[in-house]
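# Provided below are the primary sequence and the corresponding predicted coordinates.
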Amino acid sequence: MLLLAASAAGIAIVVLTIAMTADAYGTLPASVPIHLSLDGTPDGYGPRPMAWLIVVVQLGCSALFAFLIGEGLPRAATLGRGHGAGMPIFAVCVLAALGRGQRLLLMVGQTGKPAPMRPFWTFFAAAFGIGIAALLLV
């Protein structure tokens, strides 16, 4: 049941990131931010197609997690808690953090204004805290 719910959540996050990127793509400038400094200002740029980079990373992470979960969950079921059974939750947390980062990059690309980083870092810390706790405790 956990695997099915996490899979559905992961797919939904990637689909939402794709939709968000597709929606914003036409309004992005020719050069888009691909990295933000700690204060939210862009410190790396690339051509407009680079706006899809995080989507590609999400898809790659999804494939990697699918492989790891496929290999690890049968073994984890026999070993019990803390041996990879929390990997689906961790995977969703990573995909969510990437999606949140994409949202910031698109916003900065569209507006040219620095991104508010405190909410991002709070979300990032919470997501990875939950993900790591799942790896250790589930």
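Cool, got the structure.
# Okay, now the unreliable bits of this structure?
For the chain, residues meeting the criterion pLDDT under 70 lie at 1, 71-84.
# need the helices for the protein, in chain order.
Listed in chain order, the helices of the chain (DSSP state H) span 2-25, 53-79, 87-111, 117-137.
# which stretch among these comes nearest Pro47?
Nearest of those to Pro47, taken as Cβ to Cβ: helix 53-79 at 10.6 Å. Just so you know, the C-beta spots here come from the backbone N, C-alpha and C atoms, and that holds for glycine as well.
# I'd like to know how far Ala127 sits from Ala134.
Separation of Ala127 from Ala134 (Cβ to Cβ, to the nearest Å): 11 Å.
# cool, Trp121 as well?
Taking Cβ to Cβ, one finds Trp121 at 20 Å from Ala134.
# Check Gly46 too.
Gly46 is 33 Å from Ala134, where distance means Cβ to Cβ.
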